[in-house]
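> this is a predicted model, with the sequence first.
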Amino acid sequence: MDIKSLAREVEDKVIAFRRDLHMHPEASFQEFRTTDQIAKALDEMGIPYRRFEPTGLIGEIKGGKPGKTVALRADIDALSITEKTGLDFASQNEGLMHACGHDTHAAMLMGAAMVLNRVKDELCGTVKLLFQPAEEVAGGAKKVIEQGALDGVDYIFGIHIAAKMPVGVVGMRHGASAASADVFRIKVVGKASHGAMPQMGCDATVAAAAIVMNLQTIVSREVDPEKPLVVTVGKLESGSRFNIVSGEANMEGTIRSYDYDLHHSLPDIVKRIAENTAETFRCKAEVEYEMMTEVLVNDAESVELARGAAAKIIDNPAMLIEVPATMGGEDFAEYTPLCKASFAMVGAGGEYPQHSDRVVFDENSFRTGVALYAQVAADYLNG
């Protein structure tokens with residue numbers, strides 16, 4: 001199987017498919033047209049599939065001989081961003097854009113489906129094509145797992161396009177590669193009063209400000225310095241007028257970490273700090289804590305398999321690199337405790353980073369992603 005050559009043969013179809021998705025981005029759990037387009041392409045190849053509720057689907061390519069099962073995952077949702085790239089195929093849906101590159105993931109996986117479908121008689125086992133919704137809200141992976149996406153799967157592999165990384169470069173790492181990502185919301189309830197008579201009230205603004213600062217002591221005073229942790233309060237609203245002591249404040253934030261046990265201790269820590277700090281100022285704190293994604297952990301054996309596959313399809317050994325861990329979250333992490341898993345980055349160049357309204361991914365990178373998906377599947381099944 002010359003996977004690399006086959007990936008080049010389907011390149012034009014992959015680009016066309018991606019451009020169509022890029023023009024019609026859809027929000028998380030609303031990827032109805034996207035799912036229909038994926039289904040249509042699989043129908044044309046005679047690849048059976050099963051739809052998830054409400055969106056997304058999983059296709060299946062059965063090899064010529066029995067064997068193991070590998071899943072290839074691509075996410076399909078877009079971001080609530082107004083595109084400013086000026087591309088001929090820019091988003092036609094106002095306020096939505098594939099600024100994270102999930103359209104490229106879906107297209108590269110579709111290209112891999114074209115390749116693997118052509119060589120299926122040579123495969124020993126089954127390839128599952130997992131087109132997953134709602135990664136951006138960290139709910140899609142959990143939803144499809146509940147609907148049996150990993151049933152019978154021995155190994156799962158995923159790709160993320162990487163803006164600003166040189167085109168064609170493939171990056172991986174053992175162990176934790178993406179952080180757990182949580183969101184917390186804290187409501188501080190005080191008692192409003194005239195600003196000239198603060199003793200008559202309980203200032204929610206002062207209490208909220210103290211909570212913001214005290215939350216930072218989780219990093220500096222509660223956690224082993226060798227365990228990276230980020231605590232960010234991204235939003236704080238309090239008060240209604242310059243001369244009124246605020247009776248209520250609301251904040252939202254996120255916490256990121258690479259350690260499983262630390263991750264699961266955080267809800268209680270945040271609750272304790274918020275409630276006790278508020279009480280110091282005669283206020284009350286109401287805490288909501290949502291554990292959105294787990295730590296993404298690549299097991300060593302799976303990474304080495306994917307590295308071996310990458311070495312077969314890249315042009316230069318120097319283009320296979322070790323990437324640093326990121327504090328960004330990725331809900332591919334939900335799969336990693338359930339079966340062997342590895343995740344790779346594919347460089348796509350460009351001037352702007354992901355999540356920018358001007359990010360552009362070099363289409364020359366797609367052939368690398370197509371070949372990598374397909375080569376990993378073939379090597380795992382026939383290895």
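That came in fine, so what should we check first?
> run the chain-centre distance for the biggest helix by length in the chain.
Of all the segments of type helix in the chain, defined by DSSP state H, the longest one is helix 260-280. Between the centre of helix 260-280 and the centre of its chain there are 26 Å (Cα atoms, centre = their mean, to the nearest Å).
> which helices and strands does it pack with?
On a contact count with 3 or more Cβ pairs under 8 Å, 6 or more residues apart in numbering; DSSP states H and E, helix 260-280 meets strand 180-189, helix 204-215, strand 248-257, strand 284-293. Quick note: C-beta positions are derived from backbone N, CA and C, even for glycine.
> apply 10 Å and report the result again.
Helices and strands touching helix 260-280, by 3 or more Cβ pairs under 10 Å, 6 or more residues apart in numbering; DSSP states H and E, are strand 180-189, helix 204-215, strand 229-238, strand 248-257, strand 284-293.
> and that helix, what's buried?
By 16 or more other Cβ atoms under 10 Å, the buried positions in helix 260-280 come out as 262-263, 266-267, 269-271, 273-275, 277-278.
> count the neighbours of residue 5 for me.
A count of neighbours around residue 5, defined by other Cβ atoms under 10 Å, yields 11.
> distance of the closest residue in space to residue 222 that isn't next to it in sequence relative to residue 230?
Leaving aside its chain neighbours, residue 222 sits nearest to residue 269 (6.4 Å; criterion: Cβ to Cβ, 6 or more residues apart in numbering). Distance, residue 269 to residue 230, using Cβ to Cβ, to the nearest Å: 14 Å.
> what's the burial count for the nearest residue to residue 275 once chain neighbours are set aside?
Counting by Cβ to Cβ, 6+ apart, residue 275 lies nearest to residue 285, which is 4.9 Å off, once chain neighbours are set aside. Here the number of neighbours of residue 285 (other Cβ under 10 Å) works out to 24.
> list the contacts for residue 285?
186-189, 204, 207-208, 211, 249, 251, 270-271, 273-279 (Cβ atoms under 10 Å, 6 or more residues apart in numbering).
> kindly recompute the last result at 7 Å.
Residue 285 sits next to 186, 188, 211, 274-275, 278 when contact means Cβ atoms under 7 Å, 6 or more residues apart in numbering.
> including distance to residue 166 and pLDDT, could these go into a markdown table?
As requested, the contacts of residue 285 are exported to a markdown table (distance: Cβ to Cβ, whole Å; pLDDT from 0 to 100):
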| residue | distance to residue 166 | pLDDT |
| --- | --- | --- |
| 186 | 42 | 98 |
| 188 | 47 | 98 |
| 211 | 43 | 98 |
| 274 | 44 | 98 |
| 275 | 49 | 98 |
| 278 | 49 | 98 |
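> nearest to residue 5, of the residues you listed?
Nearest to residue 5 out of the contacts of residue 285 is residue 186 (Cβ to Cβ; 56.0 Å).
> list the residues that contact that closest one.
Per Cβ under 7 Å, 6+ apart, neighbours of residue 186: 211, 251, 274, 285, 287.
> closest one of those to residue 295?
Taking Cβ to Cβ as the measure, residue 295 lies nearest residue 287 of the contacts of residue 186, at 22.3 Å.
> possible to save the contacts of residue 285 as CSV with distance to residue 255?
Listed next are these as CSV, based on distance: Cβ to Cβ, whole Å:
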residue, distance to residue 255
186, 12
188, 18
211, 14
274, 13
275, 17
278, 19
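> got any ranges where the stretch 151-300 of the chain has weak pLDDT?
Along the stretch 151-300 of the chain, no part satisfies pLDDT under 70.
> for the helix or strand harbouring residue 37, buried residues please.
Secondary structure from DSSP states H and E places residue 37 in helix 32-45. Residues 34-35, 37-39, 41-42 are the ones in helix 32-45 that count as buried (16+ other Cβ under 10 Å).
> now stretch 228-243
Neighbour counts using 16+ other Cβ under 10 Å place 228-229, 231, 233, 236, 238-239 of stretch 228-243 among the buried residues.
> next: stretch 171-186.
171-174, 176-184, 186.
> hmm, back to that, in CSV: the helices and strands packed on helix 260-280, plus distance to residue 144.
Shown next, in CSV, are those (distance: least, Cβ to Cβ, whole Å):
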stretch, distance to residue 144
strand 180-189, 18
helix 204-215, 33
strand 229-238, 28
strand 248-257, 24
strand 284-293, 14
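> for residue 29, find the nearest of the ones you listed.
Of all these, strand 284-293 comes closest under Cβ to Cβ, at 14.7 Å.
> I'd like the next helix or strand past the closest one.
strand 296-298.
> residues contacting residue 177?
Residue 177 neighbours (Cβ under 7 Å, 6+ apart): 296, 298, 325, 343.
> CSV for these, including distance to residue 8?
CSV is the format used below for the contacts of residue 177 (distance: Cβ to Cβ, whole Å):
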residue, distance to residue 8
296, 30
298, 28
325, 32
343, 24
